[in-house]
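Visitor: Curious how this folds, go ahead:
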Amino acid sequence: MKTQLQKLAATVASRKGADPSTSWTAKLFSKGPEKCAEKFGEEAVEAIIASVKNDREELTKEAADVLFHLLVMLESRDVSLADVEAELARREGTSGIEEKASR
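Guide: Model (predicted):
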């Protein structure tokens, strides 16, 4: 069974060639990968602000926005959620300190 994030990634991918006048996601894609990255950055900052303010409800909403816009940014550069999941699986069981030192 697919997770909610996997379902969202599939929906985002399906919007890549859609009509920008009928889909927010398609509109982002039509503006190019740089705009997709910019929007992800804006949402990340909003999540940071909510976290600093200790606003749990707002942080939850902004985190959802961050995840959505991350998927859009990744798809705009032909990186799938499956690619990211594979990288996470590769790192599983490796200390964060060790992993960072290996880069």
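
Visitor: Only C-alpha atoms from now on, for both contacts and neighbour counts.
Guide: Fine.

Visitor: Just confirm residue 12 contacts residue 23, I think it does.
Guide: No - using C-alpha atoms under 8 Å, residue 12 is not in contact with residue 23; the gap is 10.1 Å.

Visitor: More neighbours: those two, which one.
Guide: Taking other C-alpha atoms under 10 Å, residue 12 and residue 23 do not tie; residue 12 has more neighbours (21 against 13).

Visitor: Tell me which other helices or strands the one helix or strand the more buried one maps to touches.
Guide: Using DSSP states H and E, residue 12 sits in helix 4-14. If you count contacts as 3 or more C-alpha pairs under 8 Å, 6 or more residues apart in numbering; DSSP states H and E, helix 4-14 packs onto helix 56-76.

Visitor: try 6 Å
Guide: With contacts taken as 3 or more C-alpha pairs under 6 Å, 6 or more residues apart in numbering; DSSP states H and E, helix 4-14 sits against no other helix or strand.
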